[in-house]
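*Asks:* structural data only, the sequence is not supplied:
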């Protein structure tokens, strides 16, 4: 084949060559005529001129009488002028001024006589209180230049100028073809192996935001001929075609072949991550983009490679993207061979904007939903160290970041409920939480990267929770420990406990598959402690190295049957309808640095912890004990 | 009646009391259930939780084989492990991992034997290359909190989490009722006295931008019973009703009465300009707003009084409006008794952002279209002096202002064509022109308020144009005079010259009504000169004091029959199909300060003047002579 298979072209080069090629092939904007009323936010395709004047007649600007000004000349307080009934006409605001009149006198300045004549104590200036023809718009005048976005008031000016229809740029039509044997339409009850096709819904929403019209075609199975005819059919009615999935070099990949047959492939393989397997194809002036199947890859590919093409076809000026300077909370390692796009969460802590990289798995669509910005690591750079000042492209208004409560530390579903209550109480407040475990939370507070950290750390010596750790890690003080909730930790096992697990001692049995939490989490520390206490060798527990990051994901593994037991809190077991073997209660507290204490965000959160609605929510979740949530336990 | 008729309540007080009253009456957001695919940019009405895990099964993350990791333990380069065909399963990316397997080995690390068994030279770690259940989203997890705007990636996360429909806030439905006997639907051929009803089109577009659903009802004549039943009918199906026009205290004003009968009127008359006659009415929790008929008043009233209500019903956080500091080019006088909203044009000249007030007539909708920002003059302030630093609320992106070429000076329709060509050549460039006449242009250059000024000023002594004026007003130099076009000035008269006007000498005849240009304009200066030359006493010319600001508006007056003659350029006469009596040719040049000369905007404009498309455009307009447009005539 003629095309370069799995090349590694630098992104900027690929973008430029691709757009240039399509333009050379004749890609350009197309116009359509629509009614002015429908034209808001559309872009004019050519200059629009007024057809009539506005006003289109001499209109009275007041309620009063229309007169010939010269008849009133000389009128004054002592020398009033009287006009006979045939010398004036009563007019209301908006009424046409009769042809022989050239002034309007306000009704309050007119003295009516019994015989129908009027007395005036002041002369009228010619054309006073008259909205003259063309005062607003003159016929023939240009109302809007070409390539101008139509505003609501422009709609008014166009209609006032007698323009009923205008030529605007037609929005490019983008066909989306999902492919794959295993792909099914969205459902809440998929069978194992079914892959829910949601990419086309994401892409459609993005395309609409960019000013294109998405058309999603039915899912096409992995067969060369079917894909070929689907793309052909789409090209007949669309300006651009996206062929989704099937663009890696796997055994079922027909995308590149089809695109090559129907037109051409400029590049297959771009030096970007995620998104490397993208295919830049075309048929004449029409782009055919092979988009990788993983959602995050797909989002990045269409944003980088398709958005500029749509902007070109819509004749939109290239907008400078809003960026901010932020400080990285963790190192980010990247490859030298590609440009990488890393999703980050951000928040203002202690006056600095902190950026924390999110899960980089390209299948993790929730990471994009949670992202506040995109950090670009250029090709040729190995990444950034923790603490680096980096430039981040914003995905959310900057204003929102300033009102975001940052929570880094141990995971508990109650944090999501706090986030919900916080945003409900004050719609301009947001909360962003990251699950790094209790120790991660303590370190985040030390590094001034979070407003609050959830912690539950057992002191093995005396059985107390949290305080001794805070004392150890904050010898200089500057933090407060706030009571949150008591939780019951225990072993989660499949419903009905089919493997007959009785407690810690059951876990070393060869038939038992355990699923653990990550190192540094309070639950893992508890588990390590319990093993030692029961004299268990953790290497004899199958799956001890299998780590999950949240209580719910441990519960999900057990519910799916891929593990038999895992340590976690009872609300997680309840959520997945698992049997729960209690082991003990623990104290889950919140650590808050003094520097954040007096902020409205933290104070609002404390209010919520003390409130009734929080208590009600936790009762619904179940498995929590509340004494005095929001109370300061100790100040260090 | 019980309500306060034509009160003068401070705007902020009225806003607060109005919203408070509606909330007290039960105004609140309403939710509706819609499909997730339709939910982009909608706001969640409550928190949304995942129904299923994503992935919902253990999925292979690679093309390869699925195995039980423990079978591979011990495998190394020198001690390979062989798996029998029944000990592994071939899997592709996305395939489910069979229940007894817990690792995937990449196909490139597998050596296939002839008997169907595979040889491995490396041990597999448990759960390697497997996307575990819930890696992205865990069932039961909160995907979105309440009152959150749904993003494209959130749509993906929701569908991945098995959520097919969500509760979002229903957009408030706003009924718009245009009233008035003289009001007609938009047309390009209205009869005198007909008022084209375009307010509902402006309001609808604004409402859509604010997240409401506008419903425009048919025009209702000025009859109490008809207005009452129209408002009743609208209230039955809408959350909010706008009653447009009929809200001043004129003889046909039934709005306040109807609103009072159907519910109540909080205030009639707000201390704001424009917009004073607004009526703040209600029926229970439903706002009924009486909106003044003039478009600019209406726009300001619904922006100030309705937008916050819609934001409340949509549960949108109050966004800080973007403002800039700018320097006023002219004084603005305002009344002490009201808060005034002044539309301004803005542009960066010589590093300073200059704001120039636009026509303040509330009937002039084009002034809103042209406005770059709104200057608010607080109640109790008499206005601002020229040169004041003022805060202006932006109506256009700040970025655009930086790329706007400012032209202040003499009017010529060619400037609109230059604006069109400039924006077409470079979509991020804009041009804003203000018509202040030639002398206004010279002063604007002197005050460093414009990049370019169109001038055509006759030196009466030697018959030359422009140079002597520039020399006089810029004794220290610092400007360049650029050749633009030659134009023919003359008397415009009605088609066929029914009044038999032969030249200047005809203008003093008693039957002739003249229409003049404003003082300081080049055409006025020419006219004054011609009168003196012909020995005419300008006070003997009827209408000499009647001033218009552009050639086209003079032509429009003559075309309408309200004047018989006016001085102007031949393109304006041609535009209105008038008979033109040539008097002489003049030179229309562009004055450009050195400080603006090297800017990309000015250089781009000069390119355009020298180009073929400009020449073609002017040929179409007719009446211009071009020699070397864009050439520097003199540098001072």
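*Replies:* Looks like it arrived, so ask away. The shown structure was predicted, so the numbers you read here are calculated from the model rather than taken from an experiment. Residues are numbered from 1 along each chain as shown, chains lettered A, B, ... in the order given.

*Asks:* so residue A:574 makes contact with residue A:619?
*Replies:* No: applying Cβ atoms under 8 Å as the test, residue A:574 and residue A:619 come out as separate, 11.9 Å apart. Bear in mind the C-beta positions are built from the backbone N, C-alpha and C, glycine included.

*Asks:* between the two, which one's more packed in?
*Replies:* In this view residue A:574 and residue A:619 are compared by other Cβ atoms under 10 Å in any protein chain shown, and residue A:574 has more residues nearby, 16 against 11.

*Asks:* wait, what's in contact with the more buried one?
*Replies:* A:580, A:621, A:622, A:623 (Cβ atoms under 8 Å, 6 or more residues apart in numbering or on different chains).

*Asks:* name the SS class of it, please.
*Replies:* helix (DSSP: H, G, I helix; E, B strand; the rest coil).

*Asks:* quick check, pLDDT for it.
*Replies:* You'll see residue A:574 listed with a pLDDT of 91.

*Asks:* how about the one 10 residues further on?
*Replies:* You'll see residue A:584 listed with a pLDDT of 89.

*Asks:* what bridges to it?
*Replies:* Beta-bridge pairing for residue A:584 (DSSP bridges): residue A:489.

*Asks:* how many other residues sit next to it?
*Replies:* Neighbours of residue A:584 (other Cβ under 10 Å): 12.

*Asks:* next one: it from chain B, what distance?
*Replies:* According to Cβ to the nearest Cβ, to the nearest Å, residue A:584 stands 24 Å off from chain B.

*Asks:* which residues touch that residue?
*Replies:* Here residue A:584 is in contact with A:488, A:489, A:490 (criterion: Cβ under 8 Å, 6+ apart).

*Asks:* so where do the helices sit in the stretch 101-250 of chain A?
*Replies:* Along the stretch 101-250 of chain A, the stretches classed as helices by DSSP state H, counting those that start in this stretch are A:152-160, A:199-209, A:224-237.

*Asks:* low-confidence bits of the stretch 151-300 of chain A, can you list those?
*Replies:* Applying pLDDT under 70 to the stretch 151-300 of chain A flags the ranges A:246-252.

*Asks:* where along it do the strands fall?
*Replies:* A:165-169, A:173-178, A:183-184, A:195-196, A:213-216, A:240-244, A:264-268, A:272-273, A:279-283, A:286-291 (DSSP state E, counting those that start in this stretch).

*Asks:* please identify the most buried of those strands.
*Replies:* strand A:240-244 (a mean of 28; mean count of other Cβ atoms under 10 Å in any protein chain shown).

*Asks:* OK, contacts around residue A:518?
*Replies:* Contact analysis of residue A:518 by Cβ under 8 Å, 6+ apart lists A:437, A:524, A:547, A:548, A:549.

*Asks:* nearest residue to the third one other than its sequence neighbours?
*Replies:* In space, and not counting its chain neighbours, residue A:547 is closest to residue A:518: 4.4 Å by Cβ to Cβ, 6 or more residues apart in numbering or on different chains.

*Asks:* cool, and the first one?
*Replies:* Nearest residue to residue A:437 in three dimensions, chain neighbours excluded: residue A:521, at 3.3 Å (Cβ to Cβ, 6+ apart).

*Asks:* now do residue A:610
*Replies:* residue A:630 (3.9 Å).

*Asks:* wasn't the one you found part of a strand?
*Replies:* No: per three-state DSSP, residue A:630 lies outside any strand segment and is coil.

*Asks:* neighbours of it, how many?
*Replies:* If we define neighbours as other Cβ under 10 Å, then residue A:630 has 17 of them.

*Asks:* so it versus chain B, what's the distance?
*Replies:* From residue A:630 to chain B the distance is 20 Å (Cβ to the nearest Cβ).

*Asks:* so that residue touches residue A:480, yeah?
*Replies:* No: assessed by Cβ under 8 Å, residue A:630 is found out of contact with residue A:480, at 11.3 Å.

*Asks:* packing partners of the strand or helix carrying residue A:355?
*Replies:* Here residue A:355, judged by DSSP states H and E, is contained in strand A:352-357. Judged by 3 or more Cβ pairs under 8 Å, 6 or more residues apart in numbering or on different chains; DSSP states H and E, strand A:352-357 is in contact with strand A:323-328, strand A:339-349, strand A:373-377.

*Asks:* wait, which of the ones you listed is closest to residue B:72?
*Replies:* Closest of the helices and strands packed on strand A:352-357 to residue B:72 is strand A:339-349, at 31.4 Å (criterion: Cβ to Cβ).

*Asks:* which residue is the nearest non-sequential neighbour of residue A:312?
*Replies:* Using Cβ to Cβ, 6+ apart and skipping the chain neighbours, the partner closest in space to residue A:312 is residue A:19 (6.5 Å).

*Asks:* surely the one you found and residue A:309 touch.
*Replies:* Yes: using Cβ under 8 Å, residue A:19 is in contact with residue A:309, at 6.3 Å.

*Asks:* show me the strands in the stretch 401-550 of chain A, by range?
*Replies:* In the stretch 401-550 of chain A, the strands defined using DSSP E, counting those that start in this stretch lie at A:404-409, A:430-435, A:453-455, A:479-493, A:514-517, A:547-548.

*Asks:* show me the contact partners of the third one.
*Replies:* Read it as strand A:453-455. Here strand A:453-455 has contacts from A:407-412, A:415, A:438, A:441-442, A:444-445, A:466, A:469-470, A:484, A:522, A:588-592, using Cβ under 8 Å, 6+ apart.

*Asks:* same thing but 7 Å
*Replies:* Residues outside strand A:453-455 that contact it (Cβ atoms under 7 Å, 6 or more residues apart in numbering or on different chains) are A:407-410, A:412, A:415, A:438, A:441-442, A:444-445, A:466, A:522, A:588-591.

*Asks:* partner strands of that strand, parallel or antiparallel?
*Replies:* strand A:579-593 (antiparallel).

*Asks:* buried ones in the strand it pairs with?
*Replies:* A:579-581, A:583, A:585-593 (16 or more other Cβ atoms under 10 Å in any protein chain shown).

*Asks:* now do stretch A:99-107
*Replies:* A:101, A:102, A:103, A:104, A:105, A:107.

*Asks:* from those, pick the one nearest chain B.
*Replies:* residue A:102 (7.4 Å; Cβ to the nearest Cβ).

*Asks:* mind checking how far that closest one is from residue B:182?
*Replies:* According to Cβ to Cβ, to the nearest Å, residue A:102 stands 21 Å off from residue B:182.

*Asks:* got it, and residue A:226?
*Replies:* Distance from residue A:226 to residue B:182, by Cβ to Cβ: 63 Å.

*Asks:* surely residue A:440 meets residue A:517?
*Replies:* No: taking contacts as Cβ atoms under 7 Å, residue A:440 lies outside contact range of residue A:517: 11.9 Å.

*Asks:* which of residue A:19 and residue A:309 has more neighbours?
*Replies:* Neighbour count, other Cβ under 10 Å: between residue A:19 and residue A:309, residue A:309 has more, with 24 against 18.

*Asks:* gap between the more buried one and chain B?
*Replies:* 15 Å.

*Asks:* that residue: which element?
*Replies:* Going by DSSP H and E, residue A:309 is in helix A:307-313.

*Asks:* list of residues touching that helix?
*Replies:* A:15, A:19, A:22, A:27, A:29, A:172, A:210-212, A:239-240, A:287, A:318.

*Asks:* and that helix, how far from the chain's centre?
*Replies:* 20 Å (Cα atoms, centre = their mean, to the nearest Å).

*Asks:* cool, and stretch A:137-147?
*Replies:* For stretch A:137-147 - counting by Cα atoms, centre = their mean - the centre lies 37 Å from the chain centre.

*Asks:* so what touches that stretch?
*Replies:* Counting by Cβ under 7 Å, 6+ apart, A:43-54, A:150, A:154, A:157-158, A:160-161, A:163, A:315, B:366, B:416, B:419-420, B:423-424, B:427, B:550, B:552-553, B:556, B:575-576 sit against stretch A:137-147.

*Asks:* among the helices of the stretch 101-250 of chain A, which is the most enclosed?
*Replies:* Buried most deeply of those, by mean count of other Cβ under 10 Å, is helix A:152-160, with a mean of 27.
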